[in-house]
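A.B. asks: Sequence and predicted structure are below.
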Amino acid sequence: MTGRTTRRAVLRGAGAAAAAAALRGWRAAPAAAQTPTRITFWHAMGGNLGETVVRAFVNTFNASRKDIQVEAQFQGGYDDLINKLRASIGSSAVPAVAQVYDIGTRFMIDSKAIVPMQDFIDREKFDVGQFEPNILAYYRVGARLYSMPFNTSTAILYYNKDLFKKAGLNPDQPPRTFEEIASYAGRLVKSGATPSGITIAIYGWFFEQLLARQGALYANNGNGRDAAATEVVYDHEEAGPRILEWWAGMVKAGAATNPGRPTAASQRAFAAGQTAMTVDSTAVLASLLSQSGGRFALGTGYFPKPPGAATGGSIVGGASAWILNRRPGAEQQAAWEFVKFISAPAQQAQWYVGTGYFPVRRDAYHEPVAQERLAKYPQFLTAISELRSSPINRATQGALLGVFPEARQKSEDAIEAAVLGRKPAQQALADAAREVNQAIGVYNRTMGVK
């Protein structure tokens, strides 16, 4: 997920504490005494994530490697971190390794300030065979893996099984298509089971997911993967307008409610039983279960798509670890050792338990702590199935844009305009695309992208 700060902040409590406790029991073989190579790790995991899980990772690594010592430094949210990276590139302030959100991928490559992860993988013949192919596919450009996946999520449907029963709907059969979502939402409201059938936050990541579920591209040139993107194309075909028309239509019909942009608002409404369905990141499952306090049975389903969208699937969100080339070679190698550590099965299992994000590799699920978590929260199996059933193609790999943060903001403007009835869907998207395309042009010229 690319998730908002609010989504990361609500991941608190026993999961993170359990992850930290388990990590304290992990020890590697002692290394020979020597002056350690010290590196800095910039991350954007605030609150309990940063203080408990990330700090536990770093402390455990440092205790096991006397030749390397890592200092974790919280840099604020994802936007804050990448802006600080922009300012530090070319100076001695740049870290050895940094966590950057998915939509920062194009900029990180264009900055020419990174060492592709593929260089280390090839040099060491490091085996990535156990890594989830769909997750690797996002961070691969061409045949090269540029960064190591770290915290990964997808978007799924959450629904209240008790309200489904009250409305006469099958609680074990969640809706899968746009039409089914609209039908179920209308029936839930009409039956009196709930005042809101579904609540969807105005979030650009959801729009990107809904495009990918249709097999539709966000930007030209194969989503910016065959060549640098020069324009967004979501306003060119019917896929984009269809999303906004479906979304706005449910709100206009009184079947859906609009909570605005903060995903925390839609999460609260769902957890309080004020709406029967919502869509959100896989990473908030534990939080929603905690917030709802067991007052209703929580179900999960695939993110919706129109019927007949056979080539569609999900895009991963979240962030990855990047190694910076402006640090000395010894620090780059030390960063690689740390990256291998945080992506190892044991750590990925603890990350999953402590945060709710996907393990980036399949063998992490073999760890006892991960098996216990799945047994406790079988709803997460939906997310695993959705990820692994998604085809790998240009739509599901996600778009690469140097101005993606701005582009996401503009798509949210378009959604809001359509949902509030200010503009027709096609016009709202065309207006957003025009502004994004201007920004892409400026970026490409400034960065020398061809």
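C.D. replies: Perfect, thanks for sending it. Numbers count the residues shown, from 1 in each chain.
A.B. asks: and P149, what helix or strand is that in?
C.D. replies: Per DSSP states H and E, P149 falls inside strand 148-153.
A.B. asks: typo on my end, A395
C.D. replies: If you go by DSSP H and E, A395 is part of helix 394-397.
A.B. asks: Could you pull up the mean pLDDT of that helix?
C.D. replies: Across helix 394-397, the average pLDDT comes to 97.
A.B. asks: do stretch 220-227 as well
C.D. replies: pLDDT averaged over stretch 220-227 gives 98.
A.B. asks: Distance from the chain centre to it, please.
C.D. replies: What separates the centre of stretch 220-227 from the centre of its chain is 21 Å, taken as C-alpha atoms, centre = their mean, to the nearest Å.
A.B. asks: Pull out the buried positions in the longest helix anywhere in the chain.
C.D. replies: As assigned by DSSP state H, the longest helix anywhere in the chain is helix 425-447. For helix 425-447, the neighbour count (16 or more other C-beta atoms under 10 Å) marks 425-426, 428-433, 435-437, 439-440, 443-444 as buried. Every C-beta, even on glycine, is put in place using the N, C-alpha and C of the backbone.
A.B. asks: before we move on, back to that, next helix or strand past the strand holding P149?
C.D. replies: Immediately after strand 148-153, counting by DSSP H and E, sits strand 155-160.
A.B. asks: list the helices and strands the helix or strand that that following strand is followed by packs on?
C.D. replies: The C-terminal neighbour of strand 155-160 among helices and strands, as given by DSSP H and E, is helix 161-166. With contacts defined as 3 or more C-beta pairs under 8 Å, 6 or more residues apart in numbering; DSSP states H and E, helix 161-166 has these neighbours: helix 178-190, strand 298-301.
A.B. asks: For Q348, which of these is the nearest?
C.D. replies: Closest of the helices and strands packed on helix 161-166 to Q348 is strand 298-301, at 21.1 Å (criterion: C-beta to C-beta).
A.B. asks: for the record, mean pLDDT for that closest one?
C.D. replies: Mean pLDDT, computed over strand 298-301, is 97.
A.B. asks: List the contacts of that strand.
C.D. replies: 156-161, 164, 171-172, 174-176, 285, 288-289, 292, 379-380, 382-383 (C-beta atoms under 8 Å, 6 or more residues apart in numbering).
A.B. asks: Centre of the chain to it, how far?
C.D. replies: Centre-to-centre, strand 298-301 and its host chain are 19 Å apart (C-alpha atoms, centre = their mean).
A.B. asks: follow-up on the earlier one: what comes up buried for the strand holding P149?
C.D. replies: Applying 16+ other C-beta under 10 Å to strand 148-153 flags 148-153 as buried.
A.B. asks: export those to JSON lines and tack on distance to V251 and pLDDT?
C.D. replies: Formatted as JSON lines, the buried residues of strand 148-153 follow (distance: C-beta to C-beta, whole Å; pLDDT from 0 to 100):
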{"residue": "M148", "distance to V251": "40", "pLDDT": "98"}
{"residue": "P149", "distance to V251": "35", "pLDDT": "97"}
{"residue": "F150", "distance to V251": "36", "pLDDT": "95"}
{"residue": "N151", "distance to V251": "32", "pLDDT": "93"}
{"residue": "T152", "distance to V251": "31", "pLDDT": "95"}
{"residue": "S153", "distance to V251": "26", "pLDDT": "95"}
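A.B. asks: how about these in a markdown table, adding distance to S88?
C.D. replies: Listed next are the buried residues of strand 148-153 as a markdown table, based on distance: C-beta to C-beta, whole Å:
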| residue | distance to S88 |
| --- | --- |
| M148 | 20 |
| P149 | 23 |
| F150 | 20 |
| N151 | 22 |
| T152 | 25 |
| S153 | 27 |
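A.B. asks: any idea which of the residues you listed is the one closest to V100?
C.D. replies: Nearest to V100 among those, with distances taken as C-beta to C-beta, is F150, at 9.3 Å.
A.B. asks: from what I can see the closest one touches S320, true?
C.D. replies: Yes: applying C-beta atoms under 8 Å as the test, F150 and S320 come out as touching, 5.3 Å apart.
A.B. asks: intersection of neighbour lists for the two?
C.D. replies: Common neighbours of F150 and S320 (C-beta under 8 Å, 6+ apart) are Q99.
A.B. asks: Now do the longest helix of the chain, average pLDDT.
C.D. replies: What helix 425-447 shows for mean pLDDT is 98.
A.B. asks: tell me what that helix is packed against?
C.D. replies: Using 3+ C-beta pairs under 8 Å, 6+ apart: helix 425-447 touches helix 239-252, helix 404-419.
A.B. asks: Need these in JSON lines (columns: distance to S281 and mean pLDDT).
C.D. replies: Putting the helices and strands packed on helix 425-447 into JSON lines (distance: least, C-beta to C-beta, whole Å; pLDDT from 0 to 100) gives the following:
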{"stretch": "helix 239-252", "distance to S281": "18", "mean pLDDT": "97"}
{"stretch": "helix 404-419", "distance to S281": "15", "mean pLDDT": "98"}
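A.B. asks: right, so of the ones you listed, which gets closest to G192?
C.D. replies: Among the helices and strands packed on helix 425-447, helix 239-252 comes nearest to G192, with 17.8 Å by C-beta to C-beta.
A.B. asks: Residues in contact with the closest one: which ones?
C.D. replies: Helix 239-252 has contacts (C-beta under 8 Å, 6+ apart) with 178, 181-182, 185-186, 197-198, 200, 207, 210-211, 214, 216, 234-235, 256-258, 306, 414-415, 418-419, 421, 425-426, 428-429.
A.B. asks: just how off-centre is that helix within its chain?
C.D. replies: Distance, centroid of helix 239-252 to centroid of chain: 23 Å (C-alpha atoms, centre = their mean).
A.B. asks: That one vs helix 404-419, what angle?
C.D. replies: Using axes from the mean of the first three to the mean of the last three C-alpha atoms, to 10 degrees, the inter-axis angle of helix 239-252 relative to helix 404-419 is 50 degrees.
A.B. asks: and the residue lying closest to Y377 once chain neighbours are set aside, helix, strand or coil?
C.D. replies: Distances taken as C-beta to C-beta, 6 or more residues apart in numbering place L285 nearest to Y377, at 6.3 Å, with adjacent residues excluded. Here L285 takes the helix state, with states given by DSSP: H, G, I helix; E, B strand; the rest coil.
A.B. asks: Let me see the contact set for the closest residue in space to V189 that isn't next to it in sequence.
C.D. replies: Using C-beta to C-beta, 6+ apart and skipping the chain neighbours, the partner closest in space to V189 is G197 (5.0 Å). Residues near G197 by C-beta under 8 Å, 6+ apart: 184-189, 250, 255-256, 275-277.
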